[in-house]
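Enquirer: coordinates for the following, if possible.
(4 chains)
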2 protein chains.
Amino acid sequence: MGAVNIKKLAFELNLSAATVSRALRDSHEISRETKIRVHEMAKKLNYEPNPFASSLRKQKSKTIAVIVPEIANNFFSLAINGIEEVARERDYHVLIYQTHESSEIETSFLMRLLSGRVDGILISLACENVDKEHLKKISSQLPVIFFDRVHDDIEGVKITTDDYESAYNAVQHLIENGCKKIGYLLALNTLSTGKNRLRGYLDALKDNAFPDDKELIMESGASSDENYALIKKLITEQKPDGILSSIEELAMPCYYACKELQLNIPNDLKLISFSNLAHAELLNPSLTTINQPAFEIGVEAAGILFKIFNKRWYEPNETIILKSNLIKRESTRASF
Amino acid sequence: MGAVNIKKLAFELNLSAATVSRALRDSHEISRETKIRVHEMAKKLNYEPNPFASSLRKQKSKTIAVIVPEIANNFFSLAINGIEEVARERDYHVLIYQTHESSEIETSFLMRLLSGRVDGILISLACENVDKEHLKKISSQLPVIFFDRVHDDIEGVKITTDDYESAYNAVQHLIENGCKKIGYLLALNTLSTGKNRLRGYLDALKDNAFPDDKELIMESGASSDENYALIKKLITEQKPDGILSSIEELAMPCYYACKELQLNIPNDLKLISFSNLAHAELLNPSLTTINQPAFEIGVEAAGILFKIFNKRWYEPNETIILKSNLIKRESTRASF
DNA sequence: TATTATTCCGTAAACGTTTACGTAAATAAA
DNA sequence: TTTATTTACGTAAACGTTTACGGAATAATA
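Expert: Residues are numbered from 1 along each chain as shown, chains lettered A, B, ... in the order given. Got it, this is the predicted structure:
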């Protein structure tokens, strides 16, 4: 603990702690000369105000929390990057928590944050989400911004991407490139994010007069091993010639499955996925992706939170939708 | 701010705040029945102790800071994942800061953390590191653990990987697979981490009686555009048949450069890189990597920090070295 | 019974800030 | 000159905990 506090500083300067405090915060009540003296001494003694005393008194933490399912994820790490940069500009601190998709862990974090430890929360919901009550309680006490993984039943400010359109366009792209039977790797289905992607897929099929075949939809399982098995099953049993994956984590196994099953992407099977893989271009074959503006989502979410702090935001229920980018690559190239 | 505090709780229970506090912390001075009453009321009223009041009084923050160059990086996001998991087990909070390789930003974070905001720091140094004084000052006041990006001149507990051996073995592997002229993509050269990798490369060359050609070493530039140009220059001018990249960020451009220059990996050029890419297997061709145990490094670093907190660690200068994994893939396959 | 120990709880101070309130001195206005 | 205003600072309370100290009631011991 920095041994030098405001009292010591005041003592050295022959001033009261109150005056030092005001001088440091550039109050108009303090003379120019005194301010200079105080600042010089503060620098000399390497004074750093105790944040807990300050937070306790001011009832402000200058800290925000970010709750995500996983940090080691191309999308979330980029989003956190954006959030951190915005926070840094404002001299705010960023606490991170990962839920590993567990609703229980998520709730436990949220409850702990009711203590006043943070001034606001940015959250991307865990899949296994059922518990809306805690979220409602929290957001009645603290500003909460939802990003990407959102839930329509929970009120609040939300930053998402155009999931429906992206999925719709992805299917359209597959169809235009010759697909006749398109599978879907379903994830996030408890969240609006996942539901919108699924609707986009289904509507695109319908609009193209494709049959509505539930067997073509593979719902992601508990483990990556299970997912791999399910994907192989889907491919071998249903023999789709195109697949839309709603998350990156389900697209990668497709590559391995196709290798194992000796199927060629894109000739035997075209693949497109929601993904923030930095080097989708370098995969074999390069992967057609729906790229979400992850960094920008983080920046936007954090920006709105700060607007709320500064009372410059008055839309408690606005949903802001950023556009994803469909990047066409080899994995969906038309076959001959 | 949670409106219910310890005084309100005490009032509701007809007890003093002191008793409530002690009951909640399971003090032996409080009777069993009272403890039960207190806990029940606390749960009923959703009481969460104010962390700032507690930290102020106890001079403990239950928070650690993680300072890394970038969050959106396969290595660092995995390390943070490990750190967060360990912190969660202990009910600690994790603050993250990214330096973007700037020594100035790094120093500014460190100075701000002198305030007592955190009980300890886990840091992976920025490349642009010259300023050792601030680090020495900080580590004299707070436990600081260095991981991966370390500097020998700075004393402290360090968690690294076997950088020297990994680089040495990588070169050996290239030579065994037929390389006669091996380039090196140099990064982190201001840090021991980078220096060790470079030494490994140089020593392996020497031990194999390869000429010591400075032209084969490309030092990474300021931007990724510049790096790309430098890599192309190295490849076209020096015509190496093997390249060891000291960081993932320099290996990816090699793929693009080879594509542009119509060179085949591995036939014209074999490539190996330090990397934590999850799907190196899926690149075209799959990339031979030196895979660092990033998650484990995070776990280990955080674990030691907590041992220090609990006075169960007495080696202020120990360096713990975890082993990296050389995973041989297509990009270094012997040519015919 | 008298004395000592134990159990259980309350009082009050302390952690380091910030800020409402007060005030003396200097300046301006009447 | 007197009064009002402004300037510049100090005093003390407050934020919500934790904990040293003390003490009454009860239990144990002599």
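Enquirer: any idea how far residue A:199 is from residue A:156?
Expert: Distance, residue A:199 to residue A:156, using Cβ to Cβ, to the nearest Å: 21 Å. C-beta here means a position set from N, CA and C on the backbone, and glycine is covered the same way.
Enquirer: between these two, who's got more neighbours?
Expert: residue A:156 (20 against 15; other Cβ atoms under 10 Å in any protein chain shown).
Enquirer: the more buried one touches residue A:144, doesn't it?
Expert: Yes - Residue A:156 is within contact range of residue A:144, at 5.5 Å (criterion: Cβ atoms under 8 Å).
Enquirer: could I get the full set of helices for the stretch 51-200 of chain A?
Expert: Here the stretch 51-200 of chain A has its helices, by DSSP state H, counting those that start in this stretch, at A:51-58, A:74-89, A:103-112, A:133-141, A:163-176, A:192-207.
Enquirer: for residue B:134, which of these is the nearest?
Expert: Ranking these by proximity to residue B:134 (Cβ to Cβ) places helix A:74-89 first, at 17.7 Å.
Enquirer: using PDB, write out every CA atom in that closest one.
Expert: Provided in PDB are the C-alpha atoms of helix A:74-89 (Å, rounded to 0.1, in the frame of the first residue of the first chain):
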ATOM      1  CA  ASN A  74     -11.800 -14.600 -31.400                       C
ATOM      2  CA  PHE A  75     -15.000 -12.600 -31.100                       C
ATOM      3  CA  PHE A  76     -14.900 -11.900 -27.400                       C
ATOM      4  CA  SER A  77     -11.200 -11.100 -27.100                       C
ATOM      5  CA  LEU A  78     -11.700  -8.500 -29.900                       C
ATOM      6  CA  ALA A  79     -14.800  -7.100 -28.200                       C
ATOM      7  CA  ILE A  80     -12.900  -6.800 -24.900                       C
ATOM      8  CA  ASN A  81     -10.100  -5.200 -26.700                       C
ATOM      9  CA  GLY A  82     -12.500  -2.500 -27.900                       C
ATOM     10  CA  ILE A  83     -14.000  -2.100 -24.400                       C
ATOM     11  CA  GLU A  84     -10.600  -1.800 -22.800                       C
ATOM     12  CA  GLU A  85      -9.500   0.900 -25.200                       C
ATOM     13  CA  VAL A  86     -12.600   3.000 -24.500                       C
ATOM     14  CA  ALA A  87     -12.300   2.500 -20.800                       C
ATOM     15  CA  ARG A  88      -8.700   3.500 -20.900                       C
ATOM     16  CA  GLU A  89      -9.500   6.800 -22.600                       C
END
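Enquirer: what does that helix contact?
Expert: Helix A:74-89 is contacted from outside by A:64, A:66, A:68-71, A:93-94, A:96, A:122, A:124, A:147-148, A:248, A:275-278, A:292, A:294-303, A:306, B:70-73, B:77, B:96-98, B:105, using Cβ atoms under 8 Å, 6 or more residues apart in numbering or on different chains.
Enquirer: and these, which of them are in strands?
Expert: Members of those lying in strands (criterion: DSSP state E): A:64, A:66, A:68, A:93, A:94, A:96, A:122, A:147, B:96, B:97, B:98.
Enquirer: now these: which count as buried?
Expert: With neighbours counted using 16 or more other Cβ atoms under 10 Å in any protein chain shown, the ones in strands among the contacts of helix A:74-89 contain these buried positions: A:64, A:66, A:68, A:93, A:94, A:96, A:122, A:147, B:96, B:97, B:98.
Enquirer: who are the neighbours in contact with the closest residue in space to the fourth one that isn't next to it in sequence?
Expert: If the residues on either side of it in the chain are set aside, residue A:93 comes closest to residue A:63, at 4.3 Å by Cβ to Cβ, 6 or more residues apart in numbering or on different chains. With contact set as Cβ under 8 Å, 6+ apart, residue A:63 has these partners: A:92, A:93, A:94, A:95, A:117, A:118, A:119, B:95.
Enquirer: okay, now the spatially closest residue to the third one that is not a sequence neighbour: neighbour count?
Expert: Okay, so that is residue A:94. Spatial nearest neighbour of residue A:94, chain neighbours left out: residue A:87 (4.9 Å); criterion: Cβ to Cβ, 6+ apart. Neighbours of residue A:87 under the rule other Cβ under 10 Å: 24.
Enquirer: number of nearby residues for residue A:62?
Expert: Neighbours of residue A:62 (other Cβ under 10 Å): 17.
Enquirer: contacts only, for it.
Expert: Per Cβ under 8 Å, 6+ apart, neighbours of residue A:62: A:51, A:55, A:91, A:92, A:93, A:119.
Enquirer: between those residues, identify the one with the most neighbours.
Expert: Ranked by neighbour count (other Cβ under 10 Å), the contacts of residue A:62 have residue A:93 at the top, with 26 neighbours.
Enquirer: tell me who's in contact with that residue.
Expert: Neighbours of residue A:93 in contact, by Cβ under 8 Å, 6+ apart: A:61, A:62, A:63, A:64, A:87, B:95, B:117.
Enquirer: now the second one: how far from residue A:88?
Expert: Distance of residue A:62 to residue A:88, given as Cβ to Cβ: 12 Å.
Enquirer: what does the stretch 1-150 of chain A have sitting close to chain B?
Expert: Within the stretch 1-150 of chain A, the positions near chain B by Cβ under 8 Å from any Cβ of the partner chain are A:1-2, A:46, A:48-53, A:55-56, A:59, A:61, A:63, A:70-74, A:77-78, A:80-81, A:84-85, A:88, A:93-98, A:105, A:111-112, A:114-117, A:141.
Enquirer: hmm, which of these are the buried ones?
Expert: For those, buried by 16+ other Cβ under 10 Å: A:2, A:48-53, A:55-56, A:61, A:63, A:70-74, A:77-78, A:80-81, A:84-85, A:88, A:93-98, A:105, A:112, A:114-117.
Enquirer: can you narrow those down to the ones near DNA strand C?
Expert: Of the residues in these, proximity to DNA strand C by Cβ under 7 Å from any atom of the strand holds for A:49, A:50, A:53, A:56.
Enquirer: looking at strand pairing, list the partners for the closest residue to DNA strand C within the stretch 151-300 of chain A.
Expert: Of all residues in the stretch 151-300 of chain A, residue A:157 sits closest to DNA strand C, at 26.7 Å by Cβ to the nearest atom of the strand. The partner list for residue A:157 in beta bridges (DSSP bridges) reads residue A:145.
Enquirer: and it, how many residues sit next to it?
Expert: 23.
Enquirer: OK, contacts around it?
Expert: Residue A:157 touches A:143-146, A:304, A:308, A:313, A:315-320, counting by Cβ under 8 Å, 6+ apart.
Enquirer: just the closest of these to DNA strand D, please.
Expert: residue A:143 (18.6 Å).
Enquirer: can you name the next helix or strand after the helix or strand hosting residue A:229?
Expert: Assigned by DSSP states H and E, residue A:229 belongs to helix A:224-233. The helix or strand immediately downstream of helix A:224-233 is strand A:242-245, counting by DSSP H and E.
Enquirer: strands paired with that following strand, and their directions?
Expert: strand A:182-186 (parallel), strand A:270-274 (parallel).
Enquirer: pull it out as PDB, backbone CA atoms only.
Expert: Written as PDB, here are the backbone C-alpha positions of strand A:242-245 (Å, rounded to 0.1, in the frame of the first residue of the first chain):
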ATOM      1  CA  GLY A 242     -24.000 -26.900 -48.000                       C
ATOM      2  CA  ILE A 243     -23.700 -26.100 -44.300                       C
ATOM      3  CA  LEU A 244     -24.200 -22.800 -42.400                       C
ATOM      4  CA  SER A 245     -22.600 -22.800 -39.000                       C
END
